[in-house]
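Student: Could you work out the structure for the sequence below:
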Amino acid sequence: MNRYLLIAVIGTITTLTSIDSLGQSDDSKTGVEMPTMMHTMPVYPGAEPGLIRDIQANLVYPESAITSKTEGKVYVEFVVEKDGTITNVVVTLGIPEHPKLNEAAVEAVKKLKPFTPATQNGQPVRMVMSMPVKFSAK
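Tutor: Have a look, this model is predicted:
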């Protein structure tokens, strides 16, 4: 019996910014305006190992993707709000031949625990984050 292993790989989580003259960022996908200089970045409970563990636990590899042996990376963007919750989860680069993998990546991110939010001048601020989720059937 073949067993399928779902591997979720989280690369470096990045912020997405475009700087304007006021020192603000405006992300094109989410339309959220945010400061470009952060004193602290958002932190997930358990740091990166906790994030990887929870993405793996939350991810459901669609049966149709397993059957077709579809693999690849889905890049997901989201906002970490001032209270640490995750909103505005969107796929920025997906797997066109299997949209169910894109949906699975979005759902896995939506189920994450709240982050400790980013701060600027000691105050919580919203931040756009981006990460890849890798699907691999082995």
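Student: pLDDT weak spots in this protein?
Tutor: The chain contains residues with pLDDT under 70 at 1-38, 138.
Student: residue ranges for the helices of it, please.
Tutor: For the chain, the helices defined by DSSP state H cover 47-58, 63-67, 99-110.
Student: and among those helices, the most buried is which?
Tutor: Mean neighbour counts were taken over those using mean count of other CB atoms under 10 Å, and the top value, a mean of 19, falls to helix 99-110. To be clear about C-beta, it is placed using only N, CA and C from the backbone, and glycine gets the same treatment.
Student: So what's the gap between it and the chain middle?
Tutor: Here helix 99-110 is found 10 Å from its chain centre; the criterion is CA atoms, centre = their mean, to the nearest Å.
Student: Quick one: the strands in the protein, in order.
Tutor: Along the chain, the stretches classed as strands by DSSP state E are 14-15, 24-26, 33-35, 72-80, 86-93, 118-120, 123-125, 127-135.
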